[in-house]
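>>> Any chance you can model this:
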Amino acid sequence: MNLEAMLPFGLTLDAAVSATAAMAAFATVFAVWNALIARDPLGARARGLRKRREELKAGLVQATPNRNRHRRQTANAIGVMRSITQRLNLLRTKTAANITDRLAQAGWRSKDAAVMFLFCKLALPFVFGSAAFVLFNLMGVLNLSPMLRMLVPLGAVLLGAYAPDIYVKNAIQKREKALTKGLPDALDLLVICAEAGLALDAGLTRVAREMNRSSPEIADEFGLTAVELGFLPERRKAVENLARRVQLASVRGVVNTLLQTEKYGTPLAQSLRVLAAEFRNERMLKAEEKAAKLPAILTVPLIVFIMPALFIVLIGPGALRTIDALSRM
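Residues are numbered from 1 along each chain as shown. Below you'll find the predicted structure:
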């Protein structure tokens with residue numbers, strides 16, 4: 001059988017093998033380059049802040065009717081959600097307090113966050129179940145058996161019931177990773193502020209202002225703690241609220257250190273310096289652990305992308321000669 005006759009555009013077998021090897025080599029180089037390129041999240045965040053500043057400036061100069069209409073629609077939708085949750089007494093249950101704490105851990109401390117979460121928890125099972133019933137039973141999108149047509153809407157109802165919890169859980173995990181990453185740098189700045197003679201609330205305010213660009217999550221938590229230290233009757237309560245909002249062992253260690261400092265008058269800078277060094281060593285150990293896992297992780301890309309190109313380069317000429325010899329027989 002002549003393989004060259006099956007190739008399109010009149011290509012020869014040598015040209016087809018060379019083109020395949022070139023594409024495989026290009027894909028390998030691009031994948032390695034994309035994996036090793038240095039990301040700059042600060043630049044993207046700065047561009048986003050600049051764009052948002054320009055939008056706010058334009059909105060202050062001239063308020064567009066579309067924006068006002070969007071705000072009214074949002075306010076009306078939240079009002080409907082609030083009325084439904086109040087009629088069902090969902091906000092007066094013990095679960096509502098736990099939901100508020102979990103939403104605070106995810107960074108959503110608005111008074112309407114719990115209302116929106118409870119409404120989604122109530123409405124999404126009906127929405128997902130109705131959509132699945134219409135698609136698979138009435139419209140017949142897929143040719144399913146009668147048993148699957150009954151099970152798919154039930155699965156959609158379960159998905160709608162657990163979707164808000166899954167979304168909030170993922171948001172909490174992302175926020176905790178960002179807080180863990182930025183905490184050692186924030187403690188270093190807090191040590192500098194404490195050695196400069198600033199009080200705890202003033203030091204937290206300064207650290208929040210300095211960390212606003214590199215770690216907005218740390219800046220948000222420290223800024224809120226500084227505000228609570230200023231107006232709460234007990235300073236201990238403000239520090240404990242930080243541990244309640246951020247369920248991390250490292251933050252609990254910082255909170256315990258601050259409480260001991262307030263109670264016994266121990267030096268704040270020395271205690272925070274020890275914690276910052278410990279957290280930095282922990283972050284370095286995690287980075288070394290990820291680096292040690294790289295050879296095992298790169299085994300699959302090596303087999304999938306590099307080995308085929310290597311086999312084509314090494315075995316390709318011999319295979320072509322064998323094919324030519326067999327075609328002449």
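
>>> What ranges does this protein have for its helices?
All helices of the chain, identified by DSSP state H, fall at 13-36, 41-61, 65-87, 94-105, 113-133, 146-195, 200-210, 216-231, 235-245, 249-264, 268-297, 299-301, 307-328.

>>> list the buried ones in the last one?
For helix 307-328, the buried set under the neighbour-count rule, 16 or more other CB atoms under 10 Å, comprises 309, 312, 316. Placement of C-beta: from N, CA and C, glycine included.

>>> got it, and stretch 189-204?
Using 16+ other CB under 10 Å as the test for burial, stretch 189-204 gives 189-194, 198, 200-204.

>>> how about the buried residues of helix 307-328 in JSON lines, adding pLDDT and distance to residue 286?
Output for the buried residues of helix 307-328, formatted as JSON lines (pLDDT from 0 to 100; distance: CB to CB, whole Å):
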{"residue": "309", "pLDDT": "84", "distance to residue 286": "34"}
{"residue": "312", "pLDDT": "84", "distance to residue 286": "39"}
{"residue": "316", "pLDDT": "83", "distance to residue 286": "43"}
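
>>> Is there a neighbour count for residue 175? I'd like the number.
The number of residues packed near residue 175 is 20, by other CB atoms under 10 Å.

>>> Just to check, it is in contact with residue 104?
No - taking CB atoms under 8 Å as the definition, residue 175 is not a contact partner of residue 104, at 10.4 Å.

>>> Closest one of the buried residues of stretch 189-204 to residue 298?
Of all these, the one with the least separation from residue 298 (CB to CB) is residue 189, at 36.6 Å.

>>> ok, for the closest one, nearest residue in space, not its chain neighbours?
Of all residues not flanking residue 189 in the chain, residue 207 sits nearest, at 4.6 Å (CB to CB, 6 or more residues apart in numbering).

>>> list the contacts for that neighbour?
Contacts for residue 207 (CB atoms under 8 Å, 6 or more residues apart in numbering) come out as 186, 189-190, 193, 218-219, 222.

>>> make it 10 Å
185-193, 198, 215, 218-219, 222-223, 226 (CB atoms under 10 Å, 6 or more residues apart in numbering).

>>> low pLDDT regions in the stretch 1-150 of the chain?
1-17, 34-49, 52-76, 90-91, 93 (pLDDT under 70).

>>> how about a cut-off of 50?
Judged by pLDDT under 50, the stretch 1-150 of the chain has its weakly predicted residues at 1, 3, 6, 60-61, 63.

>>> So residue 119 versus residue 77, what's the distance?
Relative to residue 77, residue 119 is positioned 9 Å away (CB to CB, to the nearest Å).

>>> more neighbours, these two?
Higher neighbour count among residue 119 and residue 77: residue 119, with 21 against 12, using other CB under 10 Å.

>>> So that one is in contact with residue 87, correct?
No - counting by CB atoms under 10 Å, residue 119 stays clear of residue 87, with 11.6 Å between them.

>>> Many thanks, I have nothing further to ask.
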